[in-house]
Each structure stands twice: as structure tokens, then as C-alpha cells.
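Engineer: Below: sequence and its predicted model.
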Amino acid sequence: MRSPIRVAVIGGGCASVAAAFELSRPEHRGRFQVTVYQMGWRLGGKGASGRGRFDRIEEHGLHLWMGFYENAFRLLRECYGELRRDPAHRMSDWRDAFFPSNLNFAADLSPRSGWLRWSVLFPPAQGLPGDPVNAAADWSVAAYFVRTALLLRTVLRSLSMAAADRDETDAGAASAATTTESQIAGLLRYGKLATLTALLEGLRLLGLAFNQFSLFPEGLLLRLHSAIRKAVEKQIDRLVTDHDEARRIWEIADLLLAALRGAVRFRLATHPRGFDAINDYDCREWLRLNGASRRALNSAFVRALYDLAFAYEDGDVRRPRIAAGQALRGAFRAFFTYRGAFFWKMRAGMGDVVFAPFYQVLKQRGVRFKFFHRLRAVQTSGRRVGVKPNVSGLEFDVQARIRGGKEYQPLVDVRGLPCWPAQPLYEQIVSGATAEVRQRDFEAPWEPSRHPRRTLRVGRDFDFVVLGVGVGAVADVCRNIVRDDERWRVMVDKVKTVPTQAFQLWFDADGTSLGLRGAISNLSGFAEPFDTWADMSHLAGEESWPRPPQSIVYFCSVLPDRHGEGGRAGAKRRAAEVKRNAIRFLNRDLGRLWPGAADDAGRFRWEMLCALPGSKAADGVRRFDHQYWRANVAPSERYTLALPGTLRYRLSPLDTGYDNMTVAGDWTDCGFNEGCVEAAVMSGRLAAHALSGSPPLEDIVGYDHP
């Protein structure tokens, strides 16, 4: 019997966990012996959460899953199925742990009324994320733009200018290209786009043309598009000045028209690179080149697109940048392929409902975990002509030793739910009391180790490596590789990251008291420094307050970079900066949308916040000290950007240039090159394929999509 192949998985974020899950599948029959090496005491990476005092859920930031996360939900559903919790358990199934969130808001800056909450209700979509994908589903660029034309027709109808009296023919219906071409020519020849019915007919024909794009003259399609745009502007421009809803709809129509024009001009429907053909452009830049107005480019929709992707170079909100092709891919996947709900919320912390179940299932499968192992260096063999180099050693800081030489047991029980604590379980650690008093940060790369380093050797301790650290850490832990390998050196230089900031508030007041009509819900596109938030009040029952809060809200945004400021002192300064930003935001901005949260002078009503029971009484702004905030500035915590002109430099898990190492993370070239859970899981599955040939590439949903 052959010995199992020993795989060292470095890191415990979504990508690493996905790789470990795939490599440890029972179908492999023990072919791989997987060991996960994790810095600190918990899994999760940027998605880690912990339980603090009174079981408060404390997150790295705001985490919502989207309805197009097919790979992430597929593995999660399999995990819960294998976990086999008691059916009576409050989170026995993934549907107990996640629930749909279809009502969302964008922060709309009205020329007449200032900041407004614009409600957007996404209708429930057929199926559930992670269901088998319909073999007939069309994920092509052409199909996306056909649906864009259909959406634009719906948007124009929603203005209630007139009712179309013709029989609506599906834009995807079969039609001879010559017939469609002659119909387009007829509309243009006789100027028939003066009515809404004619506009809808023009859009129907444009959609048909995308189905057979290569057969149509580009000039004819551009003429049709120009005629449609002029007609739309003439019809509705009079409505948008004094009517916010009409203005919003026109802004969306404006953007859709620009996208359709760009698809024709750049021939995206037939381009061999698909959306990637325009990744050298910033999204706003590309839309502007194709006719989008300044008003549309500064609309709530576009601001939210950038905000949700933290798409600000160096964390500078004056420098919004995201690759146009990936931005379109992400928007089309989000709006056209979501299943069940647009957003899905978790009923506890992400660590509780995602990483704890995965940890338990992986342990059941025999995966080993080595906590308190911080990777210090990846060692490589000498380079020889014609021979791929390999990883010869892995050097770790051993951050802590466990009492009695036992295995660290990382989870705590919160009323029957296994959870990660917000701090290490010091009672299991040698000299744990001292570490607790000194507040050692086991998740920081700058924290010195008190123990001898440990070096693993290829052939003795491991055979293959899955490098699942954040790209911000690669330059430090792979110094030899970056020095000797141009692809890695360029990747580290080009693939940028950004720090983020987050805070959480617990209110002794409900939405009505805060001055809101209806739910707090989710919102993006608001004023900086905190442009995005989500209502997480449903978590109150999962925490153990003597008197539960009535509302819980999470806020997040980018944090401006301070290059050269690192280390423990620097991290403390950045955390203090986040606190100042949050207090200023609450006093200056929040009352614009939450009038009940502000006093007569417009400043935040601090008495509405909950204070931690048993703590020293706090009045006024000091009540903020009882809330939770953090600056995500460590290399592995930073968010990966998708800047224009940089995506081509990402490394693929299928081709790292090293014989016994693959990479995993949302910073890799994985088919969806943007920072999110789905990209990380796709990358982890690709890393597993690189080592085992499984899962098949066609099973990684979205990997081969344009």
C-alpha cells in the first residue's frame, strides 16, 4: 500500500479550507494526508469571527454572501450534510445558518433633497445557490448583453411613459440575421424611434443582434444604439429634474446604454478574451468612453459598485479604480445569475456558521491542524536549467506551546453551537496567563515568538504545499522566490491590497426610534469614511446579553494607506484612527439618513448605544468604548484589489512555476478575479485540482466563463 501524499496547507481562510475540503474527500480514499498550519488560534482569515464578552459576535468586517456564490454554497451545503447535526439543533442545516436578504438600499444623493435611502427589492430567483447548474444555462458574453437589452426595456417601461401594445417576442427567439438587419435598417431609415413602443422594438432587435453578433455590421449596430439613446434622452429628460425615482431609473438606463455601446465597439461578444479584453480600463473610464453621463457615473449604483469592492487605490476615496471587465463580470453574475436571494445573511458569526462546521468535518476526515504556526519563510531548491524548482522547506514561528503536549482544542460552546472565541483559550497554553496579561497578538506578523522556530523538510514532513496566505504576506514569506522568479516579483508589485476599517454598534433602540421607516437593512454608496452598513439585529438572540439590544448594525469601508507604518505601535495608531473616524461619522453623517439617531444639533445620541453590563458607567461619547471596532492592516488582513491593468499578472493555482507548490486565495487568477468568498473558494478548488486532478475544471462554476 502506497504511503499517502503529505500536503501542507498554509493558512486557514476560505481558499485554504476549500483546498483541504477537496483533498480530504472520501473519494480520494486517503490518498492525501492534509495538515493545516494556522497562525494564531482560529480559522477564517479575513472571514474570521470570535465570541467576546456576553458572547458578542466580533467580526473582521461585514460579511454577506451573494446568491451567485455557487462554489462557496456548494461546499458549504456538502459540509452541513456531512456534519449530520441533530435535526433539532437550531443550525442543523445550511438553511438554518443562512437566510435570504432581498431588500437592500443604496444611498442616493438627490440634487433636491440631499441623502436619501433608495430601496431596491430583488425578487426571489428560481433555485438555490449550490444547486446543480442547468446544463442549458448560457453564461456567454452575448447572453449577458441580450439580458442587458431586456433589462433596459424593463427599466424604460417602469417610467410608465406609455404601454407597449405589441406582442412581446423573447429577445432570444430565433430570427434570421438578414430579417433582423432589414428591420433595424427600416427603423433607422424612417425615424420610427419616437415612441416608447418603437424604442422597445429597437431594443428587442439589438438583443437579437447580440445572439448572432458576428453576422451584423458594427456600424449598423452603433447607429441603432445612437438612435435609441437619443430617443430615450428626448423622452425622459424632462422627467428627471424634479423626480428622484425617474432620475434613478434614467441613471440606470444611461449605464446600460453605455455598456451596450461598449459591447458593440469593443466586440466583446466575439472577443476571445471576453470581458478580460477591457481590463486595462477603469470601469468608470470605460463607461464614459461609451457615452455614460457624468450624472450616471456618480450615481448611487456606481458608487455602490466601487464601495462593495473596496475599489479605492491606496484606500484613497478620491482614486476609485476597478478593472472594467471584472466589474462587468461581477455585476452581470450578481444581477443575472443569483439564485434564491441576491444577498444571504448568516444567523451567527461567519466563524460560527462557516469555519466551525468546516473545521469539525475536516477533523472527522482526519485532517490535522497545527495552530499557533506562523509561516516565516518558504525555502526553495536551487534553480537548474530545464528543471522546475521545488519547495524544500517551510520555516515557522511556533507562537505558543500547548500544555501537556496536547492538541489545541479551539472551539467554545455557545448554547450548543460550536464557536471560535475572540481570544485564545489561554488555559490551554503554556504561560497562557502571562500572554493574556501582555495582550500578545497571535494574529500579527510583528509579534515576536518566544519559542524556537520549526522547519519542515520536503520528503520528511511534507510532499506538496498549498500556499494560502494573503498576497500582502507573499513578499515577506517568499523572499527567495520573489527575488529569483520574475513572475512572482511582478505579481507582488502589481497585485495591490488595501487596508479596511470596520465597527459594530449595539443599540438600545429599534429602527423606528432611529427615525427609519421600515427596516435598517443593507446599504452602500453613502458618505465616507463608512460608506456601507448592514442591519444585523437578528444576531441579538445568538448573544448572551442580560438585556438584549434592540438593534445591531455593522459598518465598513476602506482605510487610507499609511505606507511605512507597521508593527504593533502602528497597528494601535490605526485602530485609534478607526475609532476617531467612526465617532466623526456618527456625529456628522449618520443623522442624514437616521434622523432619530441625532439630537437637535445634529450630533449622535450616544445614550442610544448599549453599555457592556458590569463595566464602568460611560456617558456621552465614552459609550463608544463599549462597542467594537478594528483596523485590518496586517498583510494577511488587507483586501485584494482588482486594479486596471493588473489582473494579467496574477498567478494561477494551476501554474505557479514550482513543482510541488500551488497557491490559493482571492488574489490568484481563478476565473473571478475580485476579492470575495466565491473567488477564494474557486481558487482553493483549483489548487486541489492542481495536486489531484479533482474536482474536474468543468465542476468549478465560473472558472471557464468569459
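Structural biologist: That came through, no problem.
Engineer: List the residues that contact H626.
Structural biologist: By Cβ atoms under 8 Å, 6 or more residues apart in numbering, the residues touching H626 are 506, 609-612, 615, 618. (Each C-beta comes from the backbone N, C-alpha and C, glycine too.)
Engineer: My error: substitute Y359 in the last question.
Structural biologist: By Cβ under 8 Å, 6+ apart, Y359 lies in contact with 43, 369, 410-411.
Engineer: centre of the chain versus stretch 492-511, how much separation?
Structural biologist: Centre-to-centre, stretch 492-511 and its host chain are 12 Å apart (Cα atoms, centre = their mean, to the nearest Å).
Engineer: sorry, that was for stretch 296-312
Structural biologist: From the chain centre to the centre of stretch 296-312 is a distance of 14 Å (Cα atoms, centre = their mean).
Engineer: And for stretch 279-289?
Structural biologist: So, by Cα atoms, centre = their mean, the centroid of stretch 279-289 is 21 Å from its chain's centroid.
Engineer: excluding its backbone neighbours, what's nearest A309?
Structural biologist: In space, and not counting its chain neighbours, A309 is closest to I322: 5.6 Å by Cβ to Cβ, 6 or more residues apart in numbering.
Engineer: correct me, but the one you found touches Y306?
Structural biologist: Yes. In this structure, I322 is within contact of Y306 by Cβ atoms under 8 Å, at 6.3 Å.
Engineer: between those two, what contacts are shared?
Structural biologist: Common contacts of I322 and Y306 (Cβ under 8 Å, 6+ apart): C283.
Engineer: Out of the two, name the residue with the larger neighbour count.
Structural biologist: Neighbour totals were compared for I322 and Y306, and I322 leads with 25 against 22 (other Cβ atoms under 10 Å).
Engineer: May I have the residues that are in contact with the more buried one?
Structural biologist: Residues counted as contacts of I322 (Cβ under 8 Å, 6+ apart) are 282-283, 305-306, 309, 311, 641-644, 674.
Engineer: Now do the helices in the stretch 451-600 of the chain.
Structural biologist: Along the stretch 451-600 of the chain, the stretches classed as helices by DSSP state H, counting those that start in this stretch are 471-477, 479-484, 486-494, 567-588.
Engineer: Any chance of TSV for the ones you listed, columns mean neighbour count and mean pLDDT?
Structural biologist: Conversion of the helices of the stretch 451-600 of the chain to TSV gives the following (neighbours: other Cβ atoms under 10 Å; pLDDT from 0 to 100):
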stretch	mean neighbour count	mean pLDDT
helix 471-477	21	96
helix 479-484	16	95
helix 486-494	16	97
helix 567-588	16	95
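Engineer: Let me have the ones you listed in CSV, adding distance to L516 as columns.
Structural biologist: Below are these laid out as CSV (distance: least, Cβ to Cβ, whole Å):
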stretch, distance to L516
helix 471-477, 37
helix 479-484, 50
helix 486-494, 43
helix 567-588, 15
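Engineer: To S293, which of these lies closest?
Structural biologist: Closest approach to S293 among the helices of the stretch 451-600 of the chain is made by helix 567-588 (29.5 Å; Cβ to Cβ).
Engineer: Residues touching the closest one, excluding its own?
Structural biologist: 441, 444, 446-447, 499, 501-503, 527, 529-530, 555, 559, 562, 565, 597, 603-604, 621, 624, 629-631, 633-634.
Engineer: Filter the residues you listed down to the buried ones, ChimeraX style.
Structural biologist: Selection command for ChimeraX covering only the buried members of the contacts of helix 567-588, criterion 16 or more other Cβ atoms under 10 Å:
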select :441,444,447,499,501,502,503,527,529,530,555,559,597,604,624,629,630,631,633,634
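Engineer: buried sites along stretch 443-458?
Structural biologist: When neighbours are counted by 16+ other Cβ under 10 Å, the buried residues of stretch 443-458 are found to be 443-445, 447, 449, 456, 458.
Engineer: got the end-to-end distance for that stretch?
Structural biologist: For stretch 443-458, the first-to-last residue distance is 26 Å (Cα to Cα, to the nearest Å).
Engineer: going forward, begin numbering at 35 instead of 1
Structural biologist: In the new count, where the first residue is 35, that last one comes out as stretch 477-492.
Engineer: residue ranges of the strands in the stretch 435-584 of the chain, please?
Structural biologist: Using DSSP state E, counting those that start in this stretch, the strands of the stretch 435-584 of the chain run over residues 446-448, 451-453, 488-491, 498-501, 531-532, 534-541, 556-558, 566-569.
Engineer: Equivalent analysis for the stretch 35-184 of the chain, please.
Structural biologist: Under the criterion DSSP E, counting those that start in this stretch, the stretch 35-184 of the chain carries strands at the ranges 39-44, 66-72, 83-85, 91-93, 99-100, 132-135, 137-144, 148-155.
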